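A.B. asks: my questions are about this predicted structure, shown below with the sequence.
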Amino acid sequence: MLFGKVIKIKQEKLKYRKDLTIIMFKKHRITLTALIFALLISILAGCSSPSANDPSQKPNDVTDENKPVTISILMQGISQMSGVQDDPVTKYVAEKTGITIDVTSDAGMNLDAELNAMIASDSLPDIIMAITPEQRKLLHDTDSIIPLDDLVQSYGGNITSKEEGRFALDYSRKFYSRNNDGKLYFINVRAGQDYNAGFPTVAPYIRWDVYEKIGMPKVENMDDLLNVLKQMQDAYPETEDGKKVYAISGFLADAAWNTFSLTAAEAFIGFRKLDMYGLLGAMIDEPTKMINAMDGEDAPTWQLIRYFNKAYQMGILDPEVVTMKFDQWFEKVTAGQVLYAPLGVADVPIMNDPDKTFLPVKFENFVNDSFTCSYMYSQGGASYAITKSCKNPERAMQLLDFAWSYEGALAFANGVEGDTWETVDGVRNLKADIVEAYNNGDREGPLFSTFFGPFMNEDKTPIILRNSKAYFEKYKTTGIVKSYLEHYNIKAPIDNFNVAKHYTWDEAFDRCRPAYEGDLIEIDNRVREYVLTNIPRLVIAESDEEFEAQRQKFMDDIIQLGANQLVEYSIPNYEKAAQELAKMKEAAAN
């Protein structure tokens, strides 16, 4: 229930999401929870000019001043689509606000190249998103976006009336302004605690039916997991229809995901990658300290790559991991050919058999008493800006504000009340027929499920209804999940992981990494290309000796390309910003 939020976000987004988040099995036929991302996103509110201090004034109803208008937007983390969609949410937003959403998805897009192309051709949409520091810097340097302070004051009542909204605005002014001018240029969505009452966002999800078949041996730690997965593969070497099974698979050939399908396991050792390829990172118990994550054979990135090479040498890693893309991997998962996934896939139908289910196996011991099973987005997930080419900036802001209203957030994240969900005795939950359709793969999730402002509702329940206690208790505590809970004597799978001392990562720290400037931009591009090309070769090294020889050459090569310059620039700048963020968080908490 994790991948839910969004698995199919580019790794760069997941990295800054969550967006990963996670966030994107939802792109496929199922809505998974998370992030990830979730995973992770939002849109609008507003009609008249509501007071920022009076949230009771809802800018949601169409008035004479709110005549129909179309607002174009490049949106993160949603299924591939373009144009005005014929779906209930699009119609609902138009009915409530007078705004018709003309959407373009970033799915399968090289966002860096696309932003450059749109700027060069003067074809930016009304609302544009940015994920990385470099993308925000590009929009600033090309003078492509406008300040939003006055617009938020006039049309942002749903944002400013919420604590997490105000913090996200303060964060944006401090860290996303133009040359530290202190102005607001980006509205962040998916802000606050990405709470899931049932499932951990990241964990070692394994095929529980096969695990039961081998007697459910305890898993001491990440290394021991390989031994258990080997036993599982030996017990289930092929599917009932004769297809080869590998315990672990992935999609290293999908450039949009980079190494994510394997390195998401960083969460199991309390590590967080702070760039797109694992050169820079932090341990979650020391988020204000950046490390060179490739410095030494036992550095976190090498621990992860060596781990999966060990799986390859054991014969439990699919050799096609280096040639597959996400869709091919997902097909193998649903066909029953994969026994492990790093993110929540508890809602993914496996061979249309409800007894074939991924559930998170418990680790008896945590590295550094750390296990990242939940994510905080103090700053918000994706960042949206209004472009200079927008002819109706007030209406664009109303759209963003609507995403921050509880009404709008619920619709974007879950669909329209009465269609996909209902309120019974004051409790919101998905309708039974909708859950059945999701589980059977007969219905897609809401189109804009990553475009919402607050993660939590006014009653402190999750905006994403699939993350709620009501959903988990009604729809998930039966069958194999019930036996799972009884086996561990817990009320929900998350209980196996939030007992670690450090179990939450705040993705606001990800955004503290400074954007590269000058020659460092090209150095970063060269190092990244080299790393992402050569990591797959290390994963399928035939022996420890071959792995180490390749690793040594790898390090020599990236140092020659200038990797140390990236490290020397990033660490002091990151740590300064991270320490300032820590003070902001402490002040907000008090």
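C.D. replies: That came through fine.

A.B. asks: mind listing the helices for the stretch 201-350 of the chain?
C.D. replies: When assigned using DSSP state H, counting those that start in this stretch, the helices of the stretch 201-350 of the chain occupy the ranges 208-213, 222-235, 260-263, 300-313, 326-334.

A.B. asks: elements contacting the shortest one?
C.D. replies: Which is helix 260-263. Contact partners of helix 260-263 among helices and strands, from 3 or more Cβ pairs under 8 Å, 6 or more residues apart in numbering; DSSP states H and E: helix 300-313. Any C-beta I mention is one placed from the backbone N, CA and C, and that applies to glycine too.

A.B. asks: what do you get if the cut-off is 6 Å, keeping everything else the same?
C.D. replies: For helix 260-263, the contact count by 3 or more Cβ pairs under 6 Å, 6 or more residues apart in numbering; DSSP states H and E identifies no helix or strand as a packing neighbour.

A.B. asks: deepest-packed of the helices of the stretch 201-350 of the chain, please.
C.D. replies: Highest mean neighbour count among the helices of the stretch 201-350 of the chain (mean count of other Cβ atoms under 10 Å): helix 260-263, with a mean of 25.

A.B. asks: from the chain's centroid, how far away is that helix?
C.D. replies: Helix 260-263 has its average C-alpha position 13 Å from the chain's average C-alpha position, going by Cα atoms, centre = their mean, to the nearest Å.

A.B. asks: so Asn429 touches Ala470, yeah?
C.D. replies: Yes: in this structure, Asn429 sits in contact with Ala470. The criterion is Cβ atoms under 6 Å, and the distance is 4.8 Å.

A.B. asks: more neighbours: which of those two?
C.D. replies: A direct count of neighbours by other Cβ atoms under 10 Å for Asn429 and Ala470 places Asn429 higher, at 21 against 16.

A.B. asks: quick one: strands adjacent to the host helix or strand of the more buried one?
C.D. replies: When elements are assigned from DSSP states H and E, Asn429 belongs to strand 427-430. In the sheet containing strand 427-430, its partner strands are strand 421-424 (antiparallel), by DSSP bridges.

A.B. asks: rounded mean pLDDT for the partner strand, please.
C.D. replies: Per-residue confidence for strand 421-424 averages out to 96 on the pLDDT scale.

A.B. asks: so what touches it?
C.D. replies: The set of residues that contact strand 421-424 without belonging to it, under Cβ atoms under 6 Å, 6 or more residues apart in numbering, is 414, 430-431, 465.

A.B. asks: recalculate using a threshold of 8 Å.
C.D. replies: 410, 414-415, 417, 428-431, 434, 465 (Cβ atoms under 8 Å, 6 or more residues apart in numbering).

A.B. asks: which of the residues you listed sits closest to Met283?
C.D. replies: Ranked by distance to Met283 (Cβ to Cβ), the contacts of strand 421-424 are led by Leu465 at 33.5 Å.

A.B. asks: okay, now the closest one: neighbour count?
C.D. replies: Other residues within reach of Leu465, judged by other Cβ under 10 Å, total 24.

A.B. asks: residues in contact with it?
C.D. replies: In this structure, Leu465 makes contact with 410, 413-414, 421, 428-430, 471, judged by Cβ under 8 Å, 6+ apart.

A.B. asks: now swap in Ser378 and tell me
C.D. replies: Contact criterion Cβ under 8 Å, 6+ apart gives 164, 167-168, 171, 191-192, 506-508, 581, 585 as the residues in contact with Ser378.

A.B. asks: what's the ChimeraX line that selects buried ones from these?
C.D. replies: The ChimeraX command for the buried members of these (criterion: 16 or more other Cβ atoms under 10 Å) is given here:
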select :164,167,168,171,191,192,506,507,508,581,585
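
A.B. asks: looking at the contacts of Ser378, which is nearest Asn534?
C.D. replies: If you rank these by distance to Asn534 using Cβ to Cβ, Glu507 comes first, at 27.6 Å.

A.B. asks: the closest one against Thr372, yeah?
C.D. replies: No: between Glu507 and Thr372 no contact is recorded; they are 10.7 Å apart, counting by Cβ atoms under 8 Å.

A.B. asks: low-confidence ranges in the stretch 1-150 of the chain?
C.D. replies: For the stretch 1-150 of the chain, residues meeting the criterion pLDDT under 70 lie at 1-65.

A.B. asks: which parts of it are helices?
C.D. replies: Here the stretch 1-150 of the chain has its helices, by DSSP H, counting those that start in this stretch, at 11-16, 88-97, 111-120, 133-141, 149-155.

A.B. asks: now the fourth one: buried residues?
C.D. replies: The reference is to helix 133-141. Of the residues in helix 133-141, those buried (16+ other Cβ under 10 Å) are 133-140.

A.B. asks: quick one, which of the helices of the stretch 1-150 of the chain gets closest to Asn365.
C.D. replies: helix 11-16 (26.7 Å).

A.B. asks: can you give the strand pairings for the one helix or strand Trp505 maps to, parallel or anti for each?
C.D. replies: Here Trp505 is covered by strand 502-506, with elements defined by DSSP H and E. For strand 502-506, the pairing partners within the sheet under DSSP bridges are strand 370-377 (parallel).

A.B. asks: now for the lengthiest helix in the chain, which elements pack on it?
C.D. replies: Of all the segments assigned as helix in the chain under DSSP state H, the longest by residue count is helix 563-589. Using 3+ Cβ pairs under 8 Å, 6+ apart as the contact definition, the elements that helix 563-589 packs against are helix 163-175, strand 280-283, helix 519-539.

A.B. asks: switch to 7 Å and redo it
C.D. replies: Here helix 563-589 is seen to pack against helix 163-175, helix 519-539 when contacts are counted using 3 or more Cβ pairs under 7 Å, 6 or more residues apart in numbering; DSSP states H and E.

A.B. asks: show me what the first one is packed up against.
C.D. replies: For helix 163-175, the helices and strands in contact under the criterion 3+ Cβ pairs under 7 Å, 6+ apart are helix 157-160, helix 563-589.

A.B. asks: so which of the ones you listed gets nearest Thr478?
C.D. replies: In terms of Cβ to Cβ, the element of the helices and strands packed on helix 163-175 nearest to Thr478 is helix 157-160, at 37.2 Å.

A.B. asks: quick one: that closest one to chain centroid distance?
C.D. replies: For helix 157-160 - counting by Cα atoms, centre = their mean - the centre lies 24 Å from the chain centre.

A.B. asks: check stretch 546-566 too.
C.D. replies: Remark: stretch 546-566 is offset 29 Å from the chain centroid, using Cα atoms, centre = their mean.

A.B. asks: what's the average pLDDT for that stretch?
C.D. replies: Confidence over stretch 546-566, taken as the mean pLDDT, stands at 98.

A.B. asks: the domain parsing of the protein - what is it?
C.D. replies: 42-191+378-416, 203-371+515-590 (automatic domain parsing).

A.B. asks: just say which of those domains is most tucked in.
C.D. replies: Neighbour counts (mean count of other Cβ under 10 Å) averaged over each of the domains of the chain peak at domain 42-191+378-416, with a mean of 21.

A.B. asks: run a quick neighbour tally on Thr477.
C.D. replies: With neighbours defined by other Cβ under 10 Å, the count for Thr477 comes to 14.

A.B. asks: skipping its backbone neighbours, what lies nearest it in space?
C.D. replies: Leu485 (6.6 Å; Cβ to Cβ, 6 or more residues apart in numbering).

A.B. asks: what helix or strand does the one you found sit in?
C.D. replies: Applying DSSP H and E as the criterion places Leu485 in helix 479-488.

A.B. asks: pLDDT of that helix, averaged?
C.D. replies: Summarised as a single mean, pLDDT over helix 479-488 is 94.

A.B. asks: for stretch 228-247, same thing?
C.D. replies: Averaged across stretch 228-247, the pLDDT comes to 98.

A.B. asks: Tyr438 in helix, strand or coil?
C.D. replies: Following DSSP: H, G, I helix; E, B strand; the rest coil, we place Tyr438 in the helix state.
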